[in-house]
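Engineer: Predicted coordinates and the sequence they were generated for:
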Amino acid sequence: MTILRDLSLIYSSIHSLILFLILFESKYSKRKFFTLALSLSLPLLFANLILLSFVGVERMGILLLITCTVPSLIFFWFMAKYRGGRFLFTFCFSDTLFLELIYLTSILDYYLGNSYIVMFILRLILYPALEILLYRLLRPTYLELQQKIKKGWLIFAAISIIFYLSLSVSMSYPCLITQRPQYIPAFLLLLLLMPLLYVHFFTTLKYQQKNYEITEQEHITQLQIEHMKTRMEEFRLADSKFRMERHNFRHKLQTIAGLMDKKEYMEIYSLLHQYNEDIQDTQITRYCQHPILDSALSTYLHLAQNKGIKISTKLDFPEILPVNEIELATVFANAIENAIHACLELEPPKRHIEIKVVSTPGFMFQIRNRFNGIISFDKNQIPISPYDEHGFGTRSIVAFCQKYKAYYHFKAEQDLFSLQIMLE
């Protein structure tokens with residue numbers, strides 16, 4: 001019945017690759033990646049099967065680390081979109097899941113007659129069941145965590161590597177665990193501890209993600225407060241200037257009347273021009289009738305102008321906004337801030353930000369800016385920040401669109417980047 005054992009081993013090896021691919025993201029296209037992966041995996045699988053026929057199951061349990069794990073790790077490292085701790089954890093996580101089922105089914109088969117029938121049937125059922133579970137429940141969250149959380153993976157990867165080595169050695173050295181039945185209870189506890197630790201890992205990563213989101217929200221709230229303070233100060237200064245102009249208005253009229261009597265028209269023209277400039281100093285640029293949104297636009301557009309960025313605006317906001325004003329102001333703040341960062345990488349003459357807002361037939365807006373032409377997008381066509389701890393603004397914009405079921409589109413053409421959002 002060793003044929004069932006060998007078939008189940010081949011079957012399990014194939015599914016170990018499937019488990020890994022469910023959680024893995026390649027930097028290459030799917031077609032190119034799968035072509036390269038099969039070109040390595042199939043020869044490696046057959047080479048290990050041939051080696052198994054010569055050395056036997058006991059020695060193969062140890063040799064797999066060298067003959068299968070290390071070559072696969074090197075290959076997928078170069079294929080990976082995310083390297084470092086994220087890749088190592090993904091690799092070891094999928095491998096330890098594979099080993100967990102291998103060893104559990106081997107021990108159960110040992111206790112139920114050692115005929116390999118139980119082993120074969122259980123592996124036939126459990127691997128697809130586990131893959132469906134991972135794909136539906138874990139994969140979306142896991143891919144999101146890989147994208148958003150860039151730190152903290154290395155310690156988890158180190159623990160996973162130690163678990164992988166501990167399981168391999170405990171099962172096969174100095175002989176198979178089934179030949180040392182007195183150690184099986186301790187080994188089963190080790191197998192139980194592993195999934196519990198993984199649950200803790202993912203809980204910790206989700207907690208870390210939540211902390212980042214809370215930090216981001218606190219940052220946004222602080223910006224909103226600063227926006228309001230800045231806008232209030234502008235109104236205070238403008239009001240003070242206007243009061244002074246109103247106080248001096250009577251004297252200015254008297255001066256003009258005196259010049260009119262003397263028919264000194266050039267002096268009158270010069271004086272009126274000066275008075276007009278004084279009045280202009282009391283004027284505040286208002287971008288819309290909504291105070292919080294106007295504050296955010298004023299603050300960031302003023303910041304952009306101070307950094308030598310040309311601003312073009314065509315704004316037509318509706319009287320009643322279709323979404324929460326604070327949230328919309330945050331979207332504009334994040335988008336303009338991203339545009340400012342992109343413009344600052346260019347020479348001053350090339351810096352330009354353009355904002356268009358229309359309220360009919362539906363509320364939509366577009367923010368465009370010049371950039372250096374270098375940008376990366378994820379699989380959902382969302383820009384990826386090349387810097388750690390950055391990218392919160394873009395994720396906040398996407399979260400806003402998802403909340404309000406708004407259409408959004410990030411686009412990069414040559415040196416022009418644009419964000420388009422349309423609300424129902």
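Structural biologist: On my side now, so go ahead.
Engineer: So, low pLDDT: which residues of this structure?
Structural biologist: For the chain, the stretches with pLDDT under 70 are 1, 56-62, 64-65, 213, 216-217, 219-221, 223-265, 268-269, 271-285, 385-392.
Engineer: which residue is nearest the middle of the protein?
Structural biologist: Geometric centre of the chain, nearest residue: K148, 3.8 Å, by C-alpha atoms, centre = their mean.
Engineer: is it true that that residue touches Y212?
Structural biologist: Yes - K148 lies in contact with Y212 (C-beta atoms under 8 Å); the separation is 7.1 Å. (C-beta placed from N, C-alpha, C; glycine too.)
Engineer: Going by residue numbers, what spans are helices in the stretch 101-250 of the chain?
Structural biologist: Applying DSSP state H, counting those that start in this stretch to the stretch 101-250 of the chain gives helices spanning 117-133, 139-148, 153-172, 184-261.
Engineer: meant to ask about the stretch 251-400 of the chain
Structural biologist: Going by DSSP H, counting those that start in this stretch, the stretch 251-400 of the chain shows helices at 265-281, 291-306, 325-343, 392-403.
Engineer: The closest residue to L7 other than its chain neighbours: neighbouring residues, count only.
Structural biologist: Spatial nearest neighbour of L7, chain neighbours left out: F120 (6.8 Å); criterion: C-beta to C-beta, 6 or more residues apart in numbering. The local packing of F120 (other C-beta atoms under 10 Å) involves 21 other residues.
Engineer: thinking again about what came up before, can you pull the contacts of the closest residue to the residue nearest to the centre of the chain other than its chain neighbours?
Structural biologist: Nearest residue to K148, sequence neighbours excluded (C-beta to C-beta, 6+ apart): Q209, at 5.8 Å. Residues in contact with Q209 (C-beta atoms under 8 Å, 6 or more residues apart in numbering) are L145, K148, I149.
Engineer: Relative to T204, how far out is the last one?
Structural biologist: The one in question is I149. 10 Å (C-beta to C-beta, to the nearest Å).
Engineer: Then the first one?
Structural biologist: As judged by C-beta to C-beta, L145 and T204 stand 10 Å apart.
Engineer: Which of the two has more residues huddled nearby?
Structural biologist: L145 (17 against 14).
Engineer: what residues are up against that one?
Structural biologist: F202, L205, K206, Q209.
Engineer: Recalculate using a threshold of 6 Å.
Structural biologist: Residues in contact with L145, defined by C-beta atoms under 6 Å, 6 or more residues apart in numbering, are L205.
Engineer: Give the burial count for the closest residue to Y404 other than its chain neighbours, as a bare number.
Structural biologist: Residue nearest to Y404 in three dimensions, not counting chain neighbours: V323, with 5.4 Å by C-beta to C-beta, 6+ apart. By other C-beta under 10 Å, the residues close to V323 number 14.
Engineer: roughly how far apart are V323 and F332?
Structural biologist: Distance from V323 to F332, by C-beta to C-beta: 12 Å.
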